[in-house]
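Colleague: mind folding the following:
(chains A and B)
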Amino acid sequence: MGKVIVVTSGKGGVGKTTSSAALGAALAQGGDKVVVVDFDVGLRNLDLVMGAERRVVYDLVNVIQGEAKLTQALIRDKRLETLYLLPASQTRDKDNLTAEGVAAVIGALKSSFDWVICDSPAGIERGATLAMRHADVAIVVTNPEVSSVRDSDRIIGLLDSKTLKAENGERMEKHLLLTRYDPARAERGDMLKVDDVLEILSIPLLGIIPESMDVLRASNLGSPVTLADGRCPPSVAYFDAVRRLKGETLPVAVPGEKRGFFGKIFGRKAA
Amino acid sequence: MSLFRLFFRAPSAPAARERLQVLLAHERASVGDSDLVTKLRDEILRAISKHMQVDDEKVSVRMERGAQVSTLAVDIEIPFDAGKKAA
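Modeller: Next comes the predicted model:
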């Protein structure tokens, strides 16, 4: 049985879709079978970020409404054969997502993939709550910025109350992915500190992704950044995040932070 | 290494522009369900199901939307006795 991950944030534009694609491609490069599911019905973009926008035949809503089989709607990545995409519908509205339909789709995906990554829409409406509903693990994407942190706090509350795990009295595993981290602004003291964000949200840190041109380039080209250039700083951070997701304990490096000998040894621990 | 990258990599914005133009041309056309490729797909499948019981698993539909031409490939496995039953 595969693991279901929801990538969520509350706030829009923080990097959910970019991170879903990057993490999915990083996991698939390790040989795991991965499907990334776009839940943003009406405003899909995962297909564009993954470079499959011209090949969308059917979508999640078609599958839920019984108009297409799941296997027909899945799009296999042209570069990575273990990476798949299930696009959202662009023309229907989100009321077409039914709770039973989503449950059936996630159930089917779990049985044939190692990882099911649910790319949540922004907000706290139906699309977002359905995306998190069946998750085993949640990745909360946050920017070091006040409104993003506030919205993430709200989402953490929903993860702890509105998910199946929460309703069954289980603890939802949550991780913080700090994205668009700008070392120059941090240096000037104009950005929330990593420790401040961690203290406020108090969930373990999965990784810090630096703000980077490489991410923009990759989405221009229609490639997850971890596939476009595996060695650029954001990709390295995503690959490390994937190792932590799989249970490894790695110190998290803060981009741009110069660390002495002792700092390197007693680096920040994830969790 | 980053200097090398800065100077020798092709700019990515033209690729972004071209991808968006093609995509948006298709999406604007599909508002109100007038996207020809989607229409053809649905009608072809309907026509086929009139003559035989179509097993959804045996039908594969692929589309590729291009700037000048789009392609639609419908691959259907027709069992030997399908025609007899319908007749």
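Colleague: distance of A:His175 relative to chain B?
Modeller: 29 Å (Cβ to the nearest Cβ, to the nearest Å). Glycine gets a C-beta too; all of them are placed from N, C-alpha and C.
Colleague: so which residue is dead centre in chain B?
Modeller: Taking Cα atoms, centre = their mean, the centroid of chain B lies closest to B:Met63, which sits 1.5 Å from it.
Colleague: contacting residues around A:Ser120?
Modeller: Residues near A:Ser120 by Cβ atoms under 8 Å, 6 or more residues apart in numbering or on different chains: A:6-9, A:16, A:39-40, A:127-128, A:131-132.
Colleague: just the buried residues from those residues, in ChimeraX please.
Modeller: A single ChimeraX command suffices to select whichever of the contacts of A:Ser120 are buried according to 16 or more other Cβ atoms under 10 Å in any protein chain shown:
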select /A:6,7,8,9,16,39,40,127,128,131,132
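Colleague: among the contacts of A:Ser120, which ones are in helices?
Modeller: Counting by DSSP state H, those place A:16, A:127-128, A:131-132 in helices.
Colleague: mind putting these into JSON lines with pLDDT and distance to A:Pro234?
Modeller: JSON lines is the format used below for the ones in helices among the contacts of A:Ser120 (pLDDT from 0 to 100; distance: Cβ to Cβ, whole Å):
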{"residue": "A:Lys16", "pLDDT": "98", "distance to A:Pro234": "15"}
{"residue": "A:Gly127", "pLDDT": "94", "distance to A:Pro234": "26"}
{"residue": "A:Ala128", "pLDDT": "96", "distance to A:Pro234": "25"}
{"residue": "A:Ala131", "pLDDT": "97", "distance to A:Pro234": "23"}
{"residue": "A:Met132", "pLDDT": "97", "distance to A:Pro234": "25"}
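Colleague: so which helix or strand takes in the residue of the stretch 151-271 of chain A found nearest chain B?
Modeller: Residue nearest to chain B within the stretch 151-271 of chain A: A:Asn220 (3.7 Å; Cβ to the nearest Cβ). Using DSSP states H and E, A:Asn220 sits within helix A:213-221.
Colleague: which residues touch that helix?
Modeller: Residues outside helix A:213-221 that contact it (Cβ under 8 Å, 6+ apart): A:15, A:18, A:48-49, A:51, A:209, A:224-225, A:227-229, A:232-235, B:9, B:12-13, B:15-16, B:19.
Colleague: can you pull out the strands in chain A?
Modeller: A:3-8, A:34-38, A:75-76, A:83-86, A:115-119, A:137-142, A:173-181, A:205-210 (DSSP state E).
Colleague: got TSV for the ones you listed, with mean pLDDT too?
Modeller: Formatted as TSV, the strands of chain A follow (pLDDT from 0 to 100):
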stretch	mean pLDDT
strand A:3-8	98
strand A:34-38	98
strand A:75-76	96
strand A:83-86	98
strand A:115-119	98
strand A:137-142	98
strand A:173-181	97
strand A:205-210	97
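Colleague: can you redo these as JSON lines with distance to B:Lys50?
Modeller: Formatted as JSON lines, these follow (distance: least, Cβ to Cβ, whole Å):
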{"stretch": "strand A:3-8", "distance to B:Lys50": "40"}
{"stretch": "strand A:34-38", "distance to B:Lys50": "33"}
{"stretch": "strand A:75-76", "distance to B:Lys50": "28"}
{"stretch": "strand A:83-86", "distance to B:Lys50": "30"}
{"stretch": "strand A:115-119", "distance to B:Lys50": "37"}
{"stretch": "strand A:137-142", "distance to B:Lys50": "47"}
{"stretch": "strand A:173-181", "distance to B:Lys50": "51"}
{"stretch": "strand A:205-210", "distance to B:Lys50": "53"}
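Colleague: and B:Ile78, what pLDDT?
Modeller: What the model reports for B:Ile78 is a pLDDT of 80.
Colleague: could I get the pLDDT score of the residue lying closest to it once chain neighbours are set aside?
Modeller: Leaving aside its chain neighbours, B:Ile78 sits nearest to B:Met52 (6.5 Å; criterion: Cβ to Cβ, 6 or more residues apart in numbering or on different chains). Note on B:Met52: pLDDT of 80.
Colleague: so how many other residues sit close to residue 55?
Modeller: All of this is about chain A. Neighbours of A:Arg55 under the rule other Cβ atoms under 10 Å in any protein chain shown: 16.
Colleague: that's the other chain; I wanted chain B
Modeller: Counted with other Cβ under 10 Å, residues neighbouring B:Asp55 total 13.
Colleague: tell me the pLDDT at it?
Modeller: Looking at B:Asp55, the pLDDT reads 74.
Colleague: not counting sequence-adjacent ones, nearest residue to it?
Modeller: In space, B:Asp55 comes closest to B:Glu77 once its chain neighbours are excluded; the distance is 7.4 Å by Cβ to Cβ, 6+ apart.
Colleague: who touches the one you found in this structure?
Modeller: B:55, B:58-59.
Colleague: that concludes my questions; thank you for your assistance.
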